[in-house]
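Novice: No letters, just coordinates:
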Ligand SMILES: Cc1ncc(C[n+]2csc(CCOP(=O)(O)OP(=O)(O)O)c2C)c(N)n1
Ligand SMILES: [Mg+2]
């Protein structure tokens, strides 16, 4: 099928995932909704337009890998994995309850579909690099995608991984950066500036693309384009809290949680 | 990361006193600076930032750089208080803590925030229960775990005046003030919270008041348990440990792994000097998600759990 045929499905799933994630966060009164919502369209595009996987066989050797390096955004990741069929919907209300498999940060020993444990920032990209090297040396057909936050890019481990990717020309790896320009306490540029991020990754040997991280068609085209001869870096320009008026671009919604009125308001907007 | 924490009348969040004490010290000592990793809010340093905008250095989300920059600031004659969530400060930057702070001997104050299982629901990556085991063997690094607001203030003041590396392990969990007459803060010395010779309960940080409650319950049953607030984990108060071993049975209590921390230190010491039964109350390893209250209850960090451990230790007493 033409890739654009997938757009209605991606749009529907992204909406369901936003409603689901906000319901989880509201119920738990815990979570990171700002970063969930900036990443939601990226995850919906990956799971419903790009990745080659089978939820019935989570350890299928040739599956495409997705590594959620910004592990705090479990509202986004768990709603994506649930929508993709990895676990039943009735697990969602257990989010962060005692002994829940839906731990505050992803744990591969708890849920199928999670490639590695994350939560401390700056871990996912190095692990994804290893996954891609395994594919490179065995000639396996899978591709590896990793999503980091932009604040997360301040961790030096990303740049050490980038050097390895560039050096080894890991064309089977795609790094996606959720460029919402906010981190936990403030803007990225007022904290420890990242710009020009594109030039930095180009200098490290990446093919760099900048896209609107909420435009499913643009994401789909860039993420599913066949590999070139270099690792790919996709800077996805996003809005933290995207889709809920009072959360958009407000730093405190990094780990803010909605009261009942805010929850109702959000559900009215998410249609 | 909003977390429900147990609260009751008279319980205090010691982060407030940490930051008010630091601000007071910084007014008079211009060398004091704060160093953070996008952790201004979680360290409660917003008002410090307003008062001393040039004396807070936010390196972004980069803990290895955070600790290295702390060492460099000390080299440059500043007194840095490096404040970050203790899981990342001690775990991510462990080699920097070892080589740049302890081994190099720089006058840096590492302040671990939200230690133990304060981030209960966020899971094992965010629990800081291994920090005692990681930092206790580091020569030159004084490790202090305040038990209440008073001790937090005293420890911050002492650290600012002490010429050498310090790790202050702070909590976000409200705790009551310990009622001890004529208190004096003496780093390296255990503080007696309850007198008793039948056994000794050695606790630190958020668990000291729980140990005192356990001792009170045992007292009602005619068992006299000594309770020590063992707020300095490195170096160890060996005199207090000799005296504890002389009671013939020991319980250790910590909001940390029972492997390598306070319990490990006490077991090491008694095995070498006077073997006595040691029951360790704490966490066995990576923990599931759950609230602070649930995790404390599930793993017996309660007056009842400590009392039960005391009875086990007494049953093993020669
Ligand atoms: C090593 C490490 N340091 C600090 C944190 C605390 N923390 C969690 S999320 C966050 C901000 C992340 O910002 P960004 O990467 O921009 O994520 P997003 O905006 O997409 O939520 C911080 C500092 C952490 N999880 N790991
Ligand atoms: Mg961001």
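Specialist: On my side now, so go ahead. Bear in mind the structure is a predicted one, so any value in this text is a computation, not a measurement. Ligands and ions are numbered 1, 2, ... in the order given.
Novice: Residue A:192 reaches residue B:65, doesn't it?
Specialist: No - using CB atoms under 8 Å as the test, residue A:192 is too far from residue B:65 to be in contact (9.1 Å). Quick note: C-beta positions are derived from backbone N, CA and C, even for glycine.
Novice: Now do the shared contacts for those two.
Specialist: The contact sets of residue A:192 and residue B:65 overlap at residue B:59 (CB atoms under 8 Å, 6 or more residues apart in numbering or on different chains).
Novice: So the helix of greatest length in chain A, near chain B or not?
Specialist: Criterion DSSP state H: the longest helix present in chain A is helix A:7-28. Yes - against chain B, helix A:7-28 shows contacts by CB under 8 Å from any CB of the partner chain at residue A:28.
Novice: Run through who's touching that helix.
Specialist: Residues outside helix A:7-28 that contact it (CB under 8 Å, 6+ apart): A:31-33, A:36-37, A:40-41, A:43-45, A:47-49, A:75-76, A:78-80, A:82-83, A:92-93, A:95-97, A:102, A:216-217, A:220, A:243-244, A:257-258, A:260, A:263, A:266-267, A:270-271, B:121.
Novice: Give the next helix or strand downstream of that helix.
Specialist: Scanning forward in sequence from helix A:7-28 by DSSP states H and E, the next helix or strand is helix A:33-45.
Novice: Next to ligand 1, which bits of chain B? Give me the list.
Specialist: Residues of chain B lying close to ligand 1 (CB under 6 Å from any ligand atom) are B:38, B:61, B:63, B:88, B:92.
Novice: burial of residue 250, as a residue count?
Specialist: Since you didn't name a chain, this refers to chain A. For residue A:250, the count of nearby residues is 15 (other CB atoms under 10 Å in any protein chain shown).
Novice: not quite, I wanted chain B
Specialist: By other CB under 10 Å, the residues close to residue B:250 number 28.
Novice: and residue B:6, what pLDDT?
Specialist: Per-residue pLDDT puts residue B:6 at 42.
Novice: To clarify, my last question referred to residue B:1.
Specialist: Per the predicted model, pLDDT is 38 at residue B:1.
Novice: do the same with residue A:196
Specialist: Residue A:196 is assigned a pLDDT of 98 by the prediction.
Novice: right, quick check: the longest helix of chain A against ligand 1, any contact?
Specialist: No - figure legend: helix A:7-28 not in contact with ligand 1 (CB under 6 Å from any ligand atom); closest approach 12.8 Å.
Novice: ok, back up a step: go through the contacts of helix A:7-28 and flag which are in strands.
Specialist: Using DSSP state E to define strands, no part of the contacts of helix A:7-28 is located there.
Novice: Just the ones of those residues in helices?
Specialist: Using DSSP H, these in helices are A:33, A:36-37, A:40-41, A:43-45, A:75-76, A:78-80, A:82-83, A:216-217, A:220, A:260, A:263, A:266-267.
Novice: Would you show me how to pick out the buried ones of the residues of chain B next to ligand 1 in PyMOL?
Specialist: To isolate the buried ones among those in PyMOL, judged by 16 or more other CB atoms under 10 Å in any protein chain shown, type:
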select buried, chain B and resi 38+61+63+88+92
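Novice: of the residues of chain B next to ligand 1, the lowest pLDDT goes to which?
Specialist: Lowest pLDDT of the residues of chain B next to ligand 1: residue B:38, 95.
Novice: my guess is that residue meets residue A:182, correct?
Specialist: No - judged on CB under 8 Å, residue B:38 makes no contact with residue A:182 at a distance of 10.6 Å.
Novice: Identify the contacts common to those two.
Specialist: With CB under 8 Å, 6+ apart, residue B:38 and residue A:182 have common neighbours residue A:151.
Novice: Please measure how far the first residue of stretch B:130-140 sits from its last one.
Specialist: End-to-end span of stretch B:130-140 (CA to CA, to the nearest Å): 19 Å.
Novice: That stretch near chain A at all?
Specialist: No - residues of stretch B:130-140 are not located near chain A by CB under 8 Å from any CB, the shortest gap being 13.0 Å.
Novice: Contacts made by that stretch with the rest, please.
Specialist: By CB under 8 Å, 6+ apart, the residues outside stretch B:130-140 that reach it are B:86-87, B:90-91, B:94, B:97-98, B:102-103, B:105, B:112, B:115, B:141, B:143, B:164-165, B:167, B:169, B:233-234, B:254, B:256-257, B:259-262, B:264-265.
Novice: how about a cut-off of 7 Å?
Specialist: For stretch B:130-140, the external contacting residues (CB atoms under 7 Å, 6 or more residues apart in numbering or on different chains) are B:86, B:90, B:94, B:97-98, B:102, B:105, B:112, B:115, B:141, B:143, B:164-165, B:167, B:169, B:233-234, B:254, B:256-257, B:259-262, B:264-265.
Novice: now the spatially most central residue of chain A, nearest residue through space, not along the chain?
Specialist: Nearest residue to the geometric centre of chain A (CA atoms, centre = their mean): residue A:147, 4.5 Å. Once flanking residues are discounted, residue A:147 sits nearest to residue A:176: 4.7 Å by CB to CB, 6 or more residues apart in numbering or on different chains.
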